[in-house]
Every structure is written in C-alpha cells, then in structure tokens.
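**Student:** When you get a sec, could you give me coordinates for this:
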Amino acid sequence: MNRKYILAAPVILAAGMAAAEETVSYASYGGAYQEGVRKAILDHLPEDHGMTVVDYVLAGGIRDIRSKVRANAVDIDVAELYGGLCDLAAKEGLIEELDYSQIPNASGIPEHLRNTHWVGFTAYSTVLAYNTDVYGDNPPKNWADFFDTENFPGLRAISAQSPATNMEIALMADGVDKADVYPVDMDRAMAKWQELLPDIAVMWSSGAQATQLATSEEVDMIAIWAARIDAAIDEGAPYAYTLQDGVMDVECLVVPKNSPNPEGAMKLINHLLDPEYQARLPEFIPYGPMNQDAFEQGLVSPEDAANIVTSSENLEKQLITDMPWWADHQTEAQTKWDSIMLQ
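**Tutor:** Numbering: from 1, shown residues only. As a prediction, this is how the structure comes out:
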C-alpha cells in the first residue's frame, strides 16, 4: 500500500472496540516495524486500558506532520519520528510540549532521551560487521580497524543516506573518544572518510541492500544496522559484528500541534513506554525496549538482553546520537559530505 496515510482500523479487534472508552490515533513508518508495535503493544490496549488505537502510516515522516499542522488539518495524536527529526519538529513548532505528569513510565527512559517535546521509544544501532571467513581469529574490533586497510585489507561498505552516524564513525576511527565526539568536527571527519574512499566498494541506500551485501558476501566489512546484519546471519551469512562504539539513533514519540485528543495522546505515550509492553518488542521486531525498567525488572532475560542493543550493558558500549546537534547542523554537514563522498 502506497497511500500517504493508511487507516489501519480493520486490524482493530472487534472485541476490543466494544470495550474501548476512547480512541487515539498513532502514526509511524508502516511495514513489519509498525505491525510489530501493534502486536507487542497496541493490540493489548483495548482490553488492558479501554483504549482503541487507530494507526496511520507516515509516508513522508516529518513532511507529513509539517503539512498537516500548517493546513490546520491534524488528525494524529501521537507520531513516531526518526532521531534528529524530533528536535527539528520542535524547532519548527510542529509538536506539543509533553506533560510528563501524565507519563510516569517515562521515568525508565534514560534522562537525556526525555526532552520537553519528545521522548525516546525504541532505537537502532549502526555497527561494524565483518566476514568471519576473511578475518578468522583476528577480526576488526573497532572503527579504527575499519579504516585500517593495511592490517585489515578488504572491501568496505557504508551507508550513503546521511552524514549523521558516518561523521561520528570517522571521528572515533581517528581517535576521538565517544564522550568527546560532539560537537562534531566535520572537517576532520570528512578528511578521514576521504582517506578511506578508494576502499569503499558500495555505499548502500537501504537496509535491504545492506543485508544483501552480507548474504552475497560482496564486501568484507560493512557499517550496517544491527538488525540488518542479524537478518543476514540468520540466513547463513558468515558474518559477526561488534557493538563496541556502535552509533545508536533513537526513535522518538511526539504529539503533533493541535492533536485532536492531547490528553489521550499523553496516555498512549505512557502505554507505549510501559516496561511490560516494551519487553515484548523484541518478540516481533529487531528493536529493543528503551525503557530500562524492562531490563531492571527482569522482564527481559539476561540471555536475550545480551543481544539487544538497548540493554543497559550494551548502551554503555555505544554512542547515542546527539539529536539536538544534528537538528542545528544537518544542512551544513550534508553539504560537506556530498562534496567529498559524491565526487
């Protein structure tokens, strides 16, 4: 389905509708991801909380929110946006301030992911993956090794989508501690990428393409989303990866300006952050709970937590993208990125 907004009412359980006391709308990016959120969380709300959720697909992300707000035609109560778009939406006045007195479950979200206008929901990480047949007992262990073509020869692949994440990777490869990555030294990052450019065989443009690069063993090392390399490994690709210095981008929840049901929106966000519901997410989608109470309360087993990018232990290994910084510098960074990587 390729309509801009897709009303998902047919998937609401009839029994749930009968018991529901209010209806709240939720918009995300569709596909298997949104279906997983429904199975893990939304389908349980009619019976558990008397709330029926109608979901839409945001085909254009923030562009859809922007057009609806400017046209005074908002029909969405809660929307999910990618990383830096959350801060951008706040700067443009497109979203409401959150009422945390109505969102007690937000207490389990890391403090730096609780903003006045958005709150972290799930996350995905870009990691260093490598072909185990190629590197054997001496695999690359960090981004410095990814850039070290003398000791770790082979073809590389990276995302072509944005300078965000890529610039952070280059700085850590150049010796910058992840605690000191921000503010990003864009010129230093691009100089580092320019060094590696001859060894970059592919700049992938979609998660599906990245997975295919691994399953076909077309490259020896790849900067790839953890969920995508997991999928390749499940298909038999001889790859492994490290979460050390992975770059995590956070999906956030927002309430569009003039939401039809702002009180219901706050309730829905609270339910979406419920640690019991969040703990179910990995059963349906390769994204972990952002609410740390899901781990601390034992709702996720230690064995499962070890493989989830958002577990407390794995969070410590990674760099979390500074969304406010990228909201202010995306245009300048894109220009610098394009001038070197697209030459």
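**Student:** List the buried residues for the longest strand belonging to the chain?
**Tutor:** Criterion DSSP state E: the longest strand present in the chain is strand 239-254. By neighbour count on 16 or more other Cβ atoms under 10 Å, the buried set for strand 239-254 is 239, 241-243, 245-254. Using the backbone N, CA and C atoms, a C-beta is placed for each residue, glycine as well.
**Student:** swap in stretch 259-274?
**Tutor:** By 16+ other Cβ under 10 Å, the buried positions in stretch 259-274 come out as 259, 261-262, 264-274.
**Student:** Could you export those residues as a markdown table, including distance to Ala32 and secondary structure?
**Tutor:** Shown next, in a markdown table, are the buried residues of stretch 259-274 (distance: Cβ to Cβ, whole Å; DSSP: H, G, I helix; E, B strand; the rest coil):
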| residue | distance to Ala32 | secondary structure |
| --- | --- | --- |
| Ser259 | 27 | coil |
| Asn261 | 27 | coil |
| Pro262 | 30 | helix |
| Gly264 | 26 | helix |
| Ala265 | 25 | helix |
| Met266 | 28 | helix |
| Lys267 | 26 | helix |
| Leu268 | 21 | helix |
| Ile269 | 22 | helix |
| Asn270 | 25 | helix |
| His271 | 21 | helix |
| Leu272 | 18 | helix |
| Leu273 | 21 | coil |
| Asp274 | 22 | coil |
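**Student:** domain ranges for this protein?
**Tutor:** As given by automatic domain parsing, the domain ranges for the chain are 9-123+249-320, 124-248+322-341.
**Student:** Quickly, which of those bottoms out on average pLDDT?
**Tutor:** Note on those: lowest mean pLDDT is at domain 9-123+249-320, with a mean of 91.
**Student:** from the chain's centre, how far out does it sit?
**Tutor:** Put simply, domain 9-123+249-320 sits 12 Å off its chain's centre (Cα atoms, centre = their mean, to the nearest Å).
**Student:** with the buried residues of stretch 259-274 in mind, which one is nearest to Pro140?
**Tutor:** Nearest to Pro140 among the buried residues of stretch 259-274, counting by Cβ to Cβ, is Leu273 at 35.9 Å.
**Student:** which residues in the stretch 1-150 of the chain form helices?
**Tutor:** Along the stretch 1-150 of the chain, counting by DSSP state H, counting those that start in this stretch, helices occupy 14-19, 31-40, 45-49, 62-70, 85-91, 132-135, 143-147.
**Student:** can those go into JSON lines with extra columns for mean neighbour count?
**Tutor:** JSON lines is the format used below for these (neighbours: other Cβ atoms under 10 Å):
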{"stretch": "helix 14-19", "mean neighbour count": "12"}
{"stretch": "helix 31-40", "mean neighbour count": "18"}
{"stretch": "helix 45-49", "mean neighbour count": "18"}
{"stretch": "helix 62-70", "mean neighbour count": "17"}
{"stretch": "helix 85-91", "mean neighbour count": "22"}
{"stretch": "helix 132-135", "mean neighbour count": "15"}
{"stretch": "helix 143-147", "mean neighbour count": "21"}
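**Student:** Let me have these in a markdown table, extended by distance to Ile340.
**Tutor:** Formatted as a markdown table, the helices of the stretch 1-150 of the chain follow (distance: least, Cβ to Cβ, whole Å):
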| stretch | distance to Ile340 |
| --- | --- |
| helix 14-19 | 52 |
| helix 31-40 | 32 |
| helix 45-49 | 48 |
| helix 62-70 | 27 |
| helix 85-91 | 24 |
| helix 132-135 | 27 |
| helix 143-147 | 15 |
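**Student:** Nearest to Phe295, out of those helices?
**Tutor:** helix 31-40 (15.8 Å).
**Student:** helices or strands up against the closest one?
**Tutor:** In terms of contacts (3 or more Cβ pairs under 8 Å, 6 or more residues apart in numbering; DSSP states H and E), helix 31-40 is packed against strand 51-57, helix 281-284.
**Student:** Take these and write them to TSV, including distance to Cys86.
**Tutor:** Below are the helices and strands packed on helix 31-40 laid out as TSV (distance: least, Cβ to Cβ, whole Å):
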stretch	distance to Cys86
strand 51-57	18
helix 281-284	19
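**Student:** Measure how the longest strand of the chain sits relative to helix 31-40, angle-wise.
**Tutor:** Strand 239-254 and helix 31-40 meet at an angle of 70 degrees, taking axes from the mean of the first three to the mean of the last three Cα atoms, to 10 degrees as the criterion.
**Student:** For the stretch 101-250 of the chain, which segments count as strands?
**Tutor:** 119-131, 156-159, 200-204, 221-225, 239-254 (DSSP state E, counting those that start in this stretch).
**Student:** Which one, of those strands, ends up nearest to Asn105?
**Tutor:** Using Cβ to Cβ, the strands of the stretch 101-250 of the chain put strand 119-131 closest to Asn105, at 9.5 Å.
**Student:** Alpha carbons of that closest one, in PDB - could you do that?
**Tutor:** Taking C-alpha atoms only, strand 119-131 is exported to PDB below (Å, rounded to 0.1, in the frame of the first residue of the first chain):
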ATOM      1  CA  VAL A 119      10.700  11.100  24.400                       C
ATOM      2  CA  GLY A 120      12.800   8.100  23.300                       C
ATOM      3  CA  PHE A 121      10.800   5.000  22.300                       C
ATOM      4  CA  THR A 122      13.000   2.400  20.500                       C
ATOM      5  CA  ALA A 123      16.400   2.600  18.900                       C
ATOM      6  CA  TYR A 124      18.600   1.100  16.200                       C
ATOM      7  CA  SER A 125      22.400   0.900  16.000                       C
ATOM      8  CA  THR A 126      24.900   1.100  13.300                       C
ATOM      9  CA  VAL A 127      27.600  -1.500  14.000                       C
ATOM     10  CA  LEU A 128      30.900  -2.800  12.400                       C
ATOM     11  CA  ALA A 129      30.200  -6.200  10.800                       C
ATOM     12  CA  TYR A 130      32.800  -8.400   9.200                       C
ATOM     13  CA  ASN A 131      33.200 -11.600   7.200                       C
END
